[in-house]
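Asker: please find the sequence and the predicted model below.
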Amino acid sequence: MPLPEHLLELSAQVSNWGRWGDDDQLGCGNLLTEESTRRGVESVRLGERIDLAVDLRADGIQVGQPARRYNPILTVTSLNERDQFAPGIWEGTDDAVFMSTCAGTHVDALCHVAYDSQLYNGFPTSAVTAQYGATVLGAERLPQIVTRGVLLDVARVHGVDCLDELDPGYPITAEDLDAAAELARVEVLPGDVVLVRTGMMGHYHRGDRLRYAVGSQHSLPGLSIHSVEWMHAHDVAGAFTDSYAYEAFPPSLPDWTDCLAVHLLQVRDMGLLQGQNWDLELLAERCAELGRGDVLLAAAPEPIVGASSTPVAPVAIL
């Protein structure tokens, strides 16, 4: 089933295919330049560090929807043991973790979603195999992110703790993002990364894992197709949210032909770095206290070869 005509027109408008060459696998990661890094460094006034990652734990964010997404399962493989071939009196413990690469705070690789049998920049979906994972556009291709981060606190713009108070499936628009940038007192520039706060992470902190992951009334607030052109026009390198689904649910069309359209247009067409489950609650409090929204953002995605998404432990420095 093809994308609806209006989305195909938007796709052509925001596409970055060929912009950085026919073999490009970085996408909007190309916008992470020395200039954007210096801009991020110039945002540091206090030196205060704020962790934006959720804990990786067995009772974490995943609740079984969609299926086969697993919270981390920790297995101790050696417990206070000594190596019989090594000298000394030391004892050591090792462990192993089984988890979905998108289980917690993560960055999606550019192989994460596709349509019409094509990935970003025209690479075929056949380049992703069950045996080897993604042979192109895998998580090992993701860049280190050291740039200016801009908190776009859409929930605070509307005076609510969470956007689901306004509408269980509140769709974030370009107007919302402009208002949040004004609140942050920042002009969003090429190479910036935007941190979009819906307030959904608050439900997770309060122990309501189900509401965080699947929402209420089968709906979730998030970015809408009316935010896609804004991301392209501002040439942001990435967009990360404090929500599970990233985009608003349910889709706008009754037949769901636009399901995951924001993912498709941003990852597959734009090559935008994006990810979910970023914890923006403490950062939002501090930015509100300081009357600003610009930070130095440092985030190094784990280079898991062939993975379609990968864990990250981002840090915002005020």
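Answerer: Looks like it arrived, so ask away.
Asker: contacts, neighbours, all on C-alpha from now
Answerer: Will do.
Asker: what's opposite the residue most central in space within the chain in the beta bridge?
Answerer: When C-alpha atoms, centre = their mean is applied to the chain, the residue found nearest the centroid is Gly275 (1.3 Å). Note on Gly275: beta-bridge partners Phe240, judged by DSSP bridges.
Asker: that one: what's it in contact with?
Answerer: Thr105, His106, Val107, Asp108, Ala239, Phe240, Thr241, Tyr246 (C-alpha atoms under 8 Å, 6 or more residues apart in numbering).
Asker: now do the same for the closest residue to Pro190 other than its chain neighbours: helix, strand or coil?
Answerer: In space, and not counting its chain neighbours, Pro190 is closest to Asp235: 4.6 Å by C-alpha to C-alpha, 6 or more residues apart in numbering. Of the three states, Asp235 takes coil under DSSP: H, G, I helix; E, B strand; the rest coil.
Asker: does Asp235 touch Val228 like I think?
Answerer: No: under the criterion of C-alpha atoms under 8 Å, Asp235 is not in contact with Val228, lying 10.9 Å apart.
Asker: list the contacts of Ser309.
Answerer: So Ser309 contacts Thr101, Cys102, His106, Val107, Asp108, Ala109, His112, Gly138, Ala139 (C-alpha under 8 Å, 6+ apart).
Asker: try 6 Å
Answerer: Thr101, Cys102, Val107, Asp108, Ala109, Ala139 (C-alpha atoms under 6 Å, 6 or more residues apart in numbering).
Asker: taking the residues you listed together, which two end up most distant?
Answerer: Cys102 and Ala139 (11.3 Å; C-alpha to C-alpha).
Asker: any stretches of the stretch 1-150 of the chain with poor pLDDT?
Answerer: Residue ranges of the stretch 1-150 of the chain with pLDDT under 70: 1.
Asker: what ranges does it have for its strands?
Answerer: Secondary structure of the stretch 1-150 of the chain (DSSP state E, counting those that start in this stretch): strands located at 49-51, 73-81, 92-98, 106-108, 128-129, 133-134, 145-153.
Asker: ok, which of these comes nearest Ala307?
Answerer: From the strands of the stretch 1-150 of the chain, taking C-alpha to C-alpha, the stretch that ends up closest is strand 133-134, at 6.1 Å.
Asker: need the contact partners of that closest one.
Answerer: So strand 133-134 is in contact with Val128, Gly306, going by C-alpha under 6 Å, 6+ apart.
Asker: picking up where we left off before, among the strands of the stretch 1-150 of the chain, which comes closest to Pro66?
Answerer: Proximity to Pro66 (C-alpha to C-alpha) singles out strand 106-108 among the strands of the stretch 1-150 of the chain, at 16.2 Å.
Asker: buried set for that closest one?
Answerer: His106, Val107, Asp108 (16 or more other C-alpha atoms under 10 Å).
Asker: do the same with stretch 170-180
Answerer: Neighbour-count burial for stretch 170-180 [16+ other C-alpha under 10 Å]: Tyr170, Pro171, Ile172, Thr173, Ala174, Asp176, Leu177, Asp178, Ala179, Ala180.
Asker: between those, which sits nearest Arg19?
Answerer: When those are compared against Arg19 (criterion: C-alpha to C-alpha), the nearest one is Ala174, at 23.7 Å.
Asker: find the nearest non-adjacent residue to the closest one, please.
Answerer: That would be Ser227: by C-alpha to C-alpha, 6+ apart, it lies 4.7 Å from Ala174.
Asker: let's verify that neighbour: helix, strand, or coil?
Answerer: Strictly by three-state DSSP, Ser227 counts as helix.
Asker: and the residue nearest to Pro190, how many residues sit next to it?
Answerer: 19 (other C-alpha atoms under 10 Å).
Asker: same check, this time on Ala233
Answerer: So Ala233, with other C-alpha under 10 Å, has 11 neighbours.
Asker: from Ser224, how far out is it?
Answerer: Applying C-alpha to C-alpha, to the nearest Å, the value for Ala233 to Ser224 is 15 Å.
Asker: same question, Gly291
Answerer: 27 Å.
Asker: in terms of neighbours, single out the busier of these two.
Answerer: Neighbours per residue, other C-alpha under 10 Å: of Gly291 and Ser224, the larger number sits with Ser224, 23 against 12.
Asker: returning to that earlier point: now, which of the contacts of Gly275 sits nearest Leu26?
Answerer: Using C-alpha to C-alpha, the contacts of Gly275 come closest to Leu26 at Asp108, 12.1 Å.
Asker: which residues does the closest one contact?
Answerer: Here Asp108 is in contact with Gln274, Gly275, Ser309 (C-alpha under 6 Å, 6+ apart).
Asker: go with 10 Å
Answerer: By C-alpha atoms under 10 Å, 6 or more residues apart in numbering, Asp108 lies in contact with 101-102, 138-139, 142, 240, 263, 267, 272-276, 301, 307-311.
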